[in-house]
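# sequence and computational prediction follow.
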Amino acid sequence: MIRNESNPEESFIGFLQVDRLGIIQYASPQAEYLLDCRVDKADVSLMTVAPNIGRQVLLCMEQELHSNAFVAREKERDIEVLVSTMMHDSLPQGALCFLRDIKNAAEAARNLPPIKEMHLQFQALLEHSGYGIYILDGRGIILKVNDVAADLIRLDKDQVIGKSIFKLVDLGIMEEVLTPAILKTKKPLTRPLWAIKSNKYIMASGIPILDEQGEIMFVVVIEHDMTIVKELRAQLNQAKQVAETIRGELSDRNLLELENSEIIAISPAMKQVLTVLLKLTRMDVSNILITGESGAGKGYLAKFVHQHGLRKEQPFISINCATLPEMLLEAELFGYEKGAFTGASETGKAGLFELANNGTIFLDEIGDLPFSVQAKLLKVLDDGEIRRLGGTKSIKVNCIVIAATNLNLEDLVQKKTFRKDLYFRLNTFPVRIPALRDRQEDILAMAKFFLKKFNETYRQKKRFSERCIEEFLAYDFPGNIRELENLIKNAVVIKEKDLLTGILPANRIQSAVSMEAPPQKQAHVFRGLQEDLLEFERKRIEHAMEQFDNTRDLARYFRISQSSVVRKLKKHGLSF
Ligand SMILES: Nc1ncnc2c1ncn2[C@@H]1O[C@H](COP(=O)(O)OP(=O)(O)OP(=O)(O)O)[C@@H](O)[C@H]1O
């Protein structure tokens, strides 16, 4: 509002601050220009430099008016004055005076709002901005303070206006404040403060207003109540925790969605494995070591990790470390430059790590990795860099590494055929897949899944007999899922009859089924005679159906009529 340009003649508004005796505390260059004086020493009275104005200002304080406006003639100028009294305990402590030359003002009136209007605007801004506002002079005396600021420190405005901020802090009336630091450094400052009395968290910004000499005229401090922001931050943290929980639940939901996919996981043990793998894929972590017996699904799950991860659009490169001799394996993994070895291609070749860049590389049978290649693999894991055979420059690669083995790597480390440091690097996220025999719930689901798959592939309508299912559950599946898959594929293709029986290796199944016998007898104790007879009848018919393929032969075998055979087949849901 005060135009503070270097040439006072171009300014319209002068500003003065006097104490309650009319001694000038501060005069802006504009005020000095209008009153034709210099206030550079102490104790200059307004009555001396501008008696007509001084008289009216003192009168205003005497009469305890909050503000007044008048026109007075000084030094052949008609000067319009707006007085704003600084009150303390309802007593005037001094006054702020805004001055302007009416003649100039008339000329400028087209551009400037009347001084009273400006004052009103200033007051409105002060009181209704929503921020706490202090205005202090260059000595730290509080000139103005609005209701919001007073409320934040739980004091009346009159208790602080006209007082030194230093004294108020010394007396413990106000707590930590910004102004002393700003007066010292003459620099703006923003700091969080804690208003103990109102229990509010405040963000305070103080700005020094400097005069032409670089001295502080005022300090304006604006306070923003951040309590709500703090509360919102607490709510946000709470929301984040909820989101984390939901994310955890989502991985369970993902498991549900997987029920429709080609991955079978009914048993709690397998569900746990999938939950862990889903977490790892979501976090895009590398160095996952999958262990488990041969055929348990290690390769299948490695692919699953890739397909459900952030890199699913990128390559999935798989290599069996047991199938290639040392030199070739090294060339496969890291590539080679032309002429690197006898028989090397003329152009050189990129290695699998390069091909898997940004995607996933799956190192199957990692326990069989030759010792010399282990050191090179360790370097890739540590530095994310490879060097082609015969090459000199390092190439950066960024891929998820998943390794798998059915060997016990710790044993290999003991036997010194596997590097300990590599084992620790690869084993960052170990996942053990349980053997199929240890997840009974999955056996039937898998069996049904493979039967449906191969029936579709080979256009068959094969189905399992009851005995077949009992045998599955009693069998120990040394070859795990791969064995089950192959057995069913074989049976679907080879067996003549649609009702599948005896598809497991005969020598192993005998003992397995007989071992299961006692609990079954136990179960019979609780069944009625009728149910037992029905089950006996069904089993006999199923056995007979393995030897005969029409109802006529069955009738002859059981020595009953053909129509009785048809009725019984229908009753048990059986057919040829
Ligand atoms: N969870 C599963 N759901 C459906 N099919 C599966 C599942 N896990 C494995 N399979 C099937 O089982 C077969 C064997 O799996 P995989 O080759 O991944 O076993 P592996 O543990 O890697 O065996 P190896 O140690 O001999 O390499 C695969 O052909 C796949 O079709």
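Yep, it's here.

# going by C-alpha atoms from here, please, whenever you check contacts or count neighbours.
Noted.

# contacts only, for Ile207.
Ile182, Lys187, Pro188, Leu189, Val219, Val220, Val221 (Cα atoms under 8 Å, 6 or more residues apart in numbering).

# by neighbours, which of these wins?
Most neighbours among the contacts of Ile207, by other Cα atoms under 10 Å: Val219, with 27 neighbours.

# can you pull up the bridge partners for that residue?
Using DSSP bridges, the bridge partners assigned to Val219 are Leu136, Pro208.

# shaky segments in the stretch 1-150 of the chain?
The stretch 1-150 of the chain contains residues with pLDDT under 70 at 1-12, 42, 104-115.

# also the chain?
Residue ranges of the chain with pLDDT under 70: 1-12, 42, 104-115, 176, 239, 241-262, 340-347, 506-529.

# domain ranges for it?
8-123, 129-225, 261-434, 438-571 (automatic domain parsing).

# so for Lys240, which of the ones you listed sits nearest?
domain 261-434 (16.8 Å; Cα to Cα).

# and Leu58, what does it touch?
Contact analysis of Leu58 by Cα under 8 Å, 6+ apart lists Arg20, Leu21, Gly22.

# by neighbours, which of those wins?
Highest neighbour count within the contacts of Leu58: Gly22, with 21 neighbours (other Cα under 10 Å).

# that one and the ligand, how far apart?
Applying Cα to the nearest ligand atom, to the nearest Å, the value for Gly22 to the ligand is 93 Å.

# ramachandran coordinates for that residue?
Backbone torsions of Gly22, given as degrees, to the nearest 10, read phi 90, psi 10.

# I'd say it and Gly54 touch.
Yes: between Gly22 and Gly54 there is a contact under Cα atoms under 8 Å: 6.8 Å.

# now do the shared contacts for these two.
Joint contacts of Gly22 and Gly54 (Cα under 8 Å, 6+ apart) are Leu46, Met47.

# what's near enough to touch the nearest residue to Asp43 once chain neighbours are set aside?
Spatially, and ignoring its direct neighbours in sequence, Asp43 is nearest to Ile23 (5.7 Å; Cα to Cα, 6 or more residues apart in numbering). The contact partners of Ile23, taken as Cα under 8 Å, 6+ apart, are Asp43, Val44, Ser45, Leu46.

# what ranges does the stretch 201-350 of the chain have for its strands?
Remark: strands of the stretch 201-350 of the chain, listed N- to C-terminal, are 216-225, 288-291, 316-320, 335-336, 349-350; assignment by DSSP state E, counting those that start in this stretch.

# and of the ones you listed, who's closest to Ala150?
Closest among these, using Cα to Cα: strand 216-225, at 10.7 Å.

# which other helices and strands contact that closest one?
Packing partners of strand 216-225 (3 or more Cα pairs under 8 Å, 6 or more residues apart in numbering; DSSP states H and E): strand 132-137, helix 179-185, strand 200-210.

# could you say which of the ones you listed is packed most deeply?
Compared across the helices and strands packed on strand 216-225, strand 132-137 shows the largest average neighbour count, a mean of 23 (mean count of other Cα atoms under 10 Å).
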